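# need a 3D model of the sequence below.
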Amino acid sequence: MNHFVITGAHVFDGENSLGIVDVEVAGGRIASVGGARPEGADLVDGAGTTLLPGLIDAHTHTDAESLRQALAFGVTTEFDMLSMPQQMIPLRRKVAASNDIADVRSPSIGLTPAGGHPHQLRKGDPPWPAATHPHEVAAFVEARIAEGADYLKILVEDGRLFGNDPLPRLAPELVAATVRESHRRGKMVLAHAMTVETAGQVVDAGVDGLTHLFFDRPHTAELIEKIAAASVFVIPTLTAIASITGEPAGRRLAEDRRVFPKLAPEWRENLAGAMATSPREHFDYALETLAALKKAGVDILAGTDAAHLGAPGMAHGASLHAELRLLTTAGFTPTEALRAATSIPARRFGLPDRGRIKPGLRADLVLVDGDPAVTVDDTLSIRRVWRNGS
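Below you'll find the predicted structure:
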């Protein structure tokens, strides 16, 4: 079915609800929105449903099967935040050749010290490339770009939030050098920095985005203002923080009747677990920080940190729906939460071909029962998913 019209559905175009309008798809692209119904096109009955742009998970660690699972839950694009190049390079070729798995972007490997985070969580990796002096950073950045990196990733983390003894932490001069060299090559730099101190450090260095909220203690007004003034975006990963602090968000999701039939038993078990390595009250710090960032006008992107089995509390695809629910817990309206998983990540990552329902864009679409712009939980009531119109 290369040419079809979705009829009778409410349409959320990535920014706003358009009401009930026809959406025509031809050749893998959106041909028209609200136009005349063409003769000869197949019709898809959308009565009682809402049509959304394909959802974007702005923080994962992925592989082919994870991308397949993501697509089943309406996630048509994942932004990987650190994967081995030996895995990511062939994965990108597979994504380009098939519409059966979600699309992906990646930084390849991230910059962290020897023995630094996340080495304590990743056993069996081959040796990672690194840079130990600022003059080595240019070669590190160039090598990642040669591997196909879409952006660069740095990790400034001592591991204590994960229940570890203090680990080596990336030096400020290496952070600054990575930002400088990446920007010189036209690449964004995203930073893992989960404490108030390290978030301030990387923002001062000029990073483009934070891949997590900082939640070790209450935020400061100065840091919120600094992030807003620098136009840094934030991927809160409330799902991951819930796992770290022992909140039961994953368990509730695993028990949802719309979720468990789509997950293998081992993934349901993984989703229902939690790391529980930081105090529960830290989750409240995260919610308060997110509310302050929202009030300051900071761009917020929905992301989950879904990774492999053994990273408890998360599952590819499914967890993004929990993330949307948690965003509303932090004071987002359903429409604001939907924007965080569609138009805003597409704009901030420079992908103008997706995240909206507009003529000429990719036909990455999700049809759901109900109206998520009213009840965000309806995003899980998936009737159909299209990637590139198929």
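# show me the residues around Leu223 that make contact.
Counting by CB atoms under 8 Å, 6 or more residues apart in numbering, Leu223 makes contact with Val196, Ala199, Gly200, Val203, Phe214. (C-beta placed from N, C-alpha, C; glycine too.)
# can you rerun that using 6 Å?
By CB atoms under 6 Å, 6 or more residues apart in numbering, Leu223 lies in contact with Gly200.
# check the gap between it and Asp216 for me.
Distance from Leu223 to Asp216, counting by CB to CB, to the nearest Å: 12 Å.
# any idea which element Gly124 lies in?
Per DSSP states H and E, Gly124 falls between elements, in no helix or strand.
# where are the low-confidence patches of the protein?
Along the chain, segments meeting pLDDT under 70 span 1.
# show me which helix runs longest in it.
Ranked by residue count under DSSP state H, the longest helix found in the chain is helix 281-295.
# which positions within that helix qualify as buried?
Within helix 281-295, the residues that count as buried by 16 or more other CB atoms under 10 Å are His282, Phe283, Tyr285, Ala286, Leu287, Glu288, Thr289, Leu290, Ala292, Leu293, Lys294.
# with stretch 206-217 instead?
In stretch 206-217, counting by 16+ other CB under 10 Å, buried: Gly206, Val207, Asp208, Gly209, Leu210, Thr211, His212, Leu213, Phe214, Phe215, Asp216.
# okay, the residues you listed in TSV with distance to Arg362 next?
Shown next, in TSV, are these (distance: CB to CB, whole Å):
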residue	distance to Arg362
Gly206	31
Val207	28
Asp208	24
Gly209	23
Leu210	27
Thr211	25
His212	28
Leu213	30
Phe214	34
Phe215	35
Asp216	39
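# so which of these belong to strands?
Gly209, Leu210 (DSSP state E).
# gap between the two ends of stretch 291-299?
12 Å (CA to CA, to the nearest Å).
# repeat for stretch 51-60
24 Å.
# which SSE is the one residue sitting closest to the centre of the chain in?
What sits nearest the mean C-alpha location of the chain, by CA atoms, centre = their mean, is Ala58, with 1.7 Å. Counting by DSSP H and E, the element that carries Ala58 is strand 55-60.
# next one: that strand to chain centre, how far?
Distance, stretch centre to chain centre, for strand 55-60: 2 Å (CA atoms, centre = their mean, to the nearest Å).
# list of residues touching it?
74-75, 77-81, 211, 235, 237, 301, 303-306, 320, 341, 345.
# before we move on, what about stretch 351-371?
10, 13-14, 25, 28-30, 32, 49-54, 74, 76, 342-343, 346, 378-379, 381-389.
# filter the residues you listed down to the buried ones.
10, 13-14, 25, 30, 32, 49-54, 74, 76, 342-343, 346, 378-379, 381-383, 385-389.
# which residues in the stretch 101-250 of the chain form helices?
137-146, 172-184, 196-205, 221-229, 238-244, 249-254 (DSSP state H, counting those that start in this stretch).
# what's the longest one in contact with?
Spelled out, that is helix 172-184. With CB under 6 Å, 6+ apart as the criterion, helix 172-184 contacts 111, 134, 137-138, 141, 152, 154, 189, 201-202, 205-207.
# quick one, it and helix 137-146 angle?
50 degrees (axes from the mean of the first three to the mean of the last three CA atoms, to 10 degrees).
# roughly how far apart are the residue nearest to the centre of the chain and Leu190?
Distance, Ala58 to Leu190, using CB to CB: 10 Å.
# among the buried ones among the contacts of stretch 351-371, which are in strands?
10, 25, 30, 32, 49-53, 76, 382-383, 385-386.
# distance to Val368 added to these, as a markdown table?
Shown next, in a markdown table, are those (distance: CB to CB, whole Å):
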| residue | distance to Val368 |
| --- | --- |
| His10 | 10 |
| Val25 | 17 |
| Ile30 | 18 |
| Ser32 | 21 |
| Thr49 | 6 |
| Thr50 | 6 |
| Leu51 | 8 |
| Leu52 | 7 |
| Pro53 | 12 |
| Thr76 | 13 |
| Ile382 | 5 |
| Arg383 | 6 |
| Val385 | 10 |
| Trp386 | 13 |
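# now for these, which pair is the farthest apart?
Ser32 and Ile382 (24.0 Å; CB to CB).
# tell me the most buried of the helices of the stretch 101-250 of the chain?
helix 238-244 (a mean of 29; mean count of other CB atoms under 10 Å).
# how far away from the center of its chain is that one?
14 Å.
# for stretch 276-286, same thing?
Distance, centroid of stretch 276-286 to centroid of chain: 21 Å (CA atoms, centre = their mean).
# renumber starting at 18 from here on
Understood, numbering begins at 18; the last thing we discussed is stretch 293-303.
# using CSV, write out every CA atom in it.
C-alpha atoms of stretch 293-303 as CSV (Å, rounded to 0.1, in the frame of the first residue of the first chain):
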residue,chain,number,x,y,z
ALA,A,293,17.6,1.4,43.5
THR,A,294,21.2,2.8,44.1
SER,A,295,20.2,6.4,45.1
PRO,A,296,17.7,7.7,47.8
ARG,A,297,14.1,7.9,46.8
GLU,A,298,13.9,11.6,47.6
HIS,A,299,16.3,12.2,44.7
PHE,A,300,13.4,11.5,42.3
ASP,A,301,11.6,14.5,43.8
TYR,A,302,14.7,16.6,43.1
ALA,A,303,14.5,15.5,39.5
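# how about Arg186, nearest residue that isn't a chain neighbour?
Leaving aside its sequence neighbours, Arg186 sits nearest to Asp175 (CB to CB, 6 or more residues apart in numbering; 4.8 Å).
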